[in-house]
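Engineer: Okay, predicted coordinates and the sequence, questions at the end:
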Amino acid sequence: MNVLLIEDDIQLNTTVARFLESKKFDVTKVFDGDDAIETIDSNNFDLYIIDINIPHINGLDILTYIRQKDLTSPIIVITASTELQNFKNAFENGCNEFVKKPFYLEELKIRIDNLIKTNDDTTINIADTIVFDMEKEELSIENTII
């Protein structure tokens, strides 16, 4: 699984990356919003882990940017922020999980495992004959793509 980790705290970024790599994830680390946008534009990721308070472009804006390009990959927001509005904005803009710092690495892994398990199915059955494939972004009615 290809993971983009966006965290400006060098020690936390390194610790999380090493932990995930020990669990067989491929981790790309960036430390600010500008590098994050550049990396997102030139790669595909299966999972995003984003801190809100990072230099240049904040994590909530990056979250919105990702969702314009990628509707299905899970996004975990990590932050020390206690502002309810950040929590609300994160979920309104497409985050799947919100983890407050400090956190246990094993907690992060549990949340990732849960997202991977629930994200395996990329189709939504709207009705018996209507299906939306999120990965392909196709709506089918009676097996005909609309």
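Structural biologist: Thanks, I have the structure now. Numbering: from 1, shown residues only.
Engineer: Output the lowest mean pLDDT helix or strand found in the protein.
Structural biologist: Least confident element among the helices and strands of the chain, by mean pLDDT, DSSP states H and E: strand 123-127 (a mean of 72).
Engineer: Each with direction, which strands does whatever helix or strand comes next after that one pair with?
Structural biologist: The C-terminal neighbour of strand 123-127 among helices and strands, as given by DSSP states H and E, is strand 130-133. Each strand that pairs with strand 130-133, with its direction, by DSSP bridges: strand 123-127 (antiparallel), strand 138-141 (antiparallel).
Engineer: tell me the most buried of these?
Structural biologist: With neighbours defined by mean count of other C-beta atoms under 10 Å, none of the strands paired with strand 130-133 is more surrounded on average than strand 138-141, at a mean of 14. C-beta coordinates here come from the backbone N, C-alpha and C atoms, glycine included.
Engineer: quick one: the residue nearest the centre of the chain from Ser140, how far?
Structural biologist: To find the centre residue of the chain, average its C-alpha atoms and take the closest one (C-alpha atoms, centre = their mean): that gives Ile75, at 1.6 Å. Ile75 sits 26 Å away from Ser140 when distances are taken as C-beta to C-beta, to the nearest Å.
Engineer: Could you name the helices and strands sitting against the helix ranked longest in the chain?
Structural biologist: Of all the elements of type helix in the chain, the one with the most residues (DSSP state H) is helix 105-119. The elements that helix 105-119 packs onto, with contact taken as 3 or more C-beta pairs under 8 Å, 6 or more residues apart in numbering; DSSP states H and E, are helix 10-22, strand 47-51, strand 75-79, strand 97-100.
Engineer: Out of these, which gets nearest to Ile57?
Structural biologist: Taking C-beta to C-beta as the criterion, Ile57 comes closest to strand 47-51 out of the helices and strands packed on helix 105-119, the separation being 10.7 Å.
Engineer: helices or strands next to the closest one in the packing?
Structural biologist: Counting contacts by 3+ C-beta pairs under 8 Å, 6+ apart, the secondary-structure elements packed against strand 47-51 are strand 2-6, helix 59-69, strand 75-79, helix 105-119.
Engineer: With that, I have no additional questions.
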